[in-house]
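Trainee: curious how this folds, go ahead:
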Amino acid sequence: MPNIQPSTLRDVGYQLFEASGCTAEDARAVVDHLVESNLFGHDSHGAIRYYEYTRAIREGRFQPWATPTIVRDYPSTAVVDAGGALGQVGATFAIKLATEKARQHGLATVTLRNTSHVGRAGAYPLMAAREGNMIALAFVNAGRLGYQIAPFGGLEGRLSTNPIAFSAPRPDTDPILVDMTTSVVAEGKVRVAINQGSQVPEGWLIDSEGNSTTEPNDFRADPPGAILPLGGVVAHKGFALGLVVELLGGALSGEGCADGSRTMRSNGVLFTVYNIEHFTELSTYYEEVEALLRHVKSSRLAPGFNEILAPGEPEFRSAQRKEKDGIEIDETTWAHICREGRILGLNPDSW
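Mentor: Sure, this is the predicted structure:
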């Protein structure tokens with residue numbers, strides 16, 4: 001399994017996306033996002049997407065030259081149509097717009113459509129939280145795509161993984177970061193297991209007959225299996241949250257809700273940003289968040305645990321470690337990346 005320094009992996013990505021027709025600025029937005037996903041330990045949303053995105057550009061599904069536009073604009077809300085631009089380009093535009101509106105008006109919601117695949121949902125609330133005085137929330141559906149996640153009580157996939165993400169600042173350290181699918185696992189993690197030739201944990205998947213399976217290829221079989229909704233014995237809660245995301249991310253953005261399509265044209269996204277100082281003093285907020293975390297972390301530890309971590313702490317620690325030690329990319333993913341490079345006229349042997 002190749003171990004690649006983050007700077008090298010970024011350079012490979014810049015070459016791929018610029019060769020695909022992206023501007024240097026847009027290539028950087030996409031690649032930096034994907035490599036950060038690897039650094040955070042979320043390989044399902046990392047460099048494995050290089051070849052998926054560049055292939056989509058070649059096939060005309062993603063538009064590397066498109067520019068997001070605001071199609072509805074009010075003081076504290078807006079709707080953005082990205083024109084088929086790469087998702088990281090459209091979503092960055094939308095979260096920055098929401099943050100600026102919240103800066104002026106205290107609270108803002110911006111929806112986004114026609115934006116391809118935005119990648120890791122948590123990246124965008126994190127951008128707002130790093131302003132130091134903003135809290136942000138994201139709901140992301142997959143437009144009409146609707147075959148991955150079985151509804152509670154069902155045997156066939158009818159929804160997408162439909163993540164919810166949240167970020168809130170802390171004083172003098174990294175923000176709190178919540179980034180979770182409303183399914184047991186992201187579809188990309190099943191894809192990573194297929195590429196690695198490994199089994200998945202019990203409780204992730206069912207086969208086409210509804211039997212629990214640890215074989216990731218059952219998800220892609222004919223007839224296909226499905227990923228389960230979040231929650232285990234209370235999976236009706238994950239299913240319900242998935243429907244919430246469909247309506248907020250899909251219906252309000254205009255991208256639409258799951259209807260059984262097996263091809264994703266674009267995510268539908270809803271961002272809400274809160275300006276803390278329109279609700280309370282920033283110093284008071286900081287005191288409350290730190291007191292809360294001290295209280296939570298004061299619990300006695302369960303067997304097998306050395307400490308209690310706040311949401312986001314595992315990702316930030318992983319990033320520090322992998323910036324130094326490198327990122328492991330499985331052989332199948334690397335082969336796909338190199339193949340895509342050759343199609344684009346690049347020389348992967350130089351990588």
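Trainee: quick one: the strands in the chain?
Mentor: Listed in chain order, the strands of the chain (DSSP state E) span 3-4, 69-73, 77-81, 107-113, 134-141, 164-170, 173-180, 205-206, 212-213, 226-227, 268-275, 327-328.
Trainee: can you state the direction angle for the fourth one and strand 134-141?
Mentor: Orientation of strand 107-113 against strand 134-141 (axes from the mean of the first three to the mean of the last three Cα atoms, to 10 degrees) gives an angle of 30 degrees.
Trainee: now do the second one
Mentor: Orientation note: strand 69-73 sits at an angle of 100 degrees relative to strand 134-141 (the same axes, to 10 degrees).
Trainee: quick one on the thing from earlier: out of the strands of the chain, which is closest to A310?
Mentor: strand 173-180 (5.8 Å; Cβ to Cβ). Yep, even glycine has a C-beta here, placed from its N, CA and C like the rest.
Trainee: tell me which residues in that closest one are buried?
Mentor: Residues of strand 173-180 classed as buried by neighbour count (16 or more other Cβ atoms under 10 Å): 174-180.
Trainee: which of the residues you listed sits closest to E131?
Mentor: So of the buried residues of strand 173-180, ranked by how close each gets to E131 (Cβ to Cβ), first place is P175, at 9.8 Å.
Trainee: can you put the strands of the chain in JSON lines and add distance to K101 and mean pLDDT?
Mentor: JSON lines is the format used below for those (distance: least, Cβ to Cβ, whole Å; pLDDT from 0 to 100):
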{"stretch": "strand 3-4", "distance to K101": "39", "mean pLDDT": "94"}
{"stretch": "strand 69-73", "distance to K101": "9", "mean pLDDT": "98"}
{"stretch": "strand 77-81", "distance to K101": "7", "mean pLDDT": "98"}
{"stretch": "strand 107-113", "distance to K101": "3", "mean pLDDT": "98"}
{"stretch": "strand 134-141", "distance to K101": "11", "mean pLDDT": "98"}
{"stretch": "strand 164-170", "distance to K101": "17", "mean pLDDT": "98"}
{"stretch": "strand 173-180", "distance to K101": "20", "mean pLDDT": "98"}
{"stretch": "strand 205-206", "distance to K101": "41", "mean pLDDT": "98"}
{"stretch": "strand 212-213", "distance to K101": "46", "mean pLDDT": "98"}
{"stretch": "strand 226-227", "distance to K101": "35", "mean pLDDT": "98"}
{"stretch": "strand 268-275", "distance to K101": "7", "mean pLDDT": "98"}
{"stretch": "strand 327-328", "distance to K101": "36", "mean pLDDT": "97"}
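Trainee: now distance to I95 too, for the ones you listed, in CSV please.
Mentor: Shown next, in CSV, are the strands of the chain (distance: least, Cβ to Cβ, whole Å):
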stretch, distance to I95
strand 3-4, 28
strand 69-73, 14
strand 77-81, 10
strand 107-113, 7
strand 134-141, 7
strand 164-170, 10
strand 173-180, 14
strand 205-206, 32
strand 212-213, 37
strand 226-227, 27
strand 268-275, 5
strand 327-328, 25
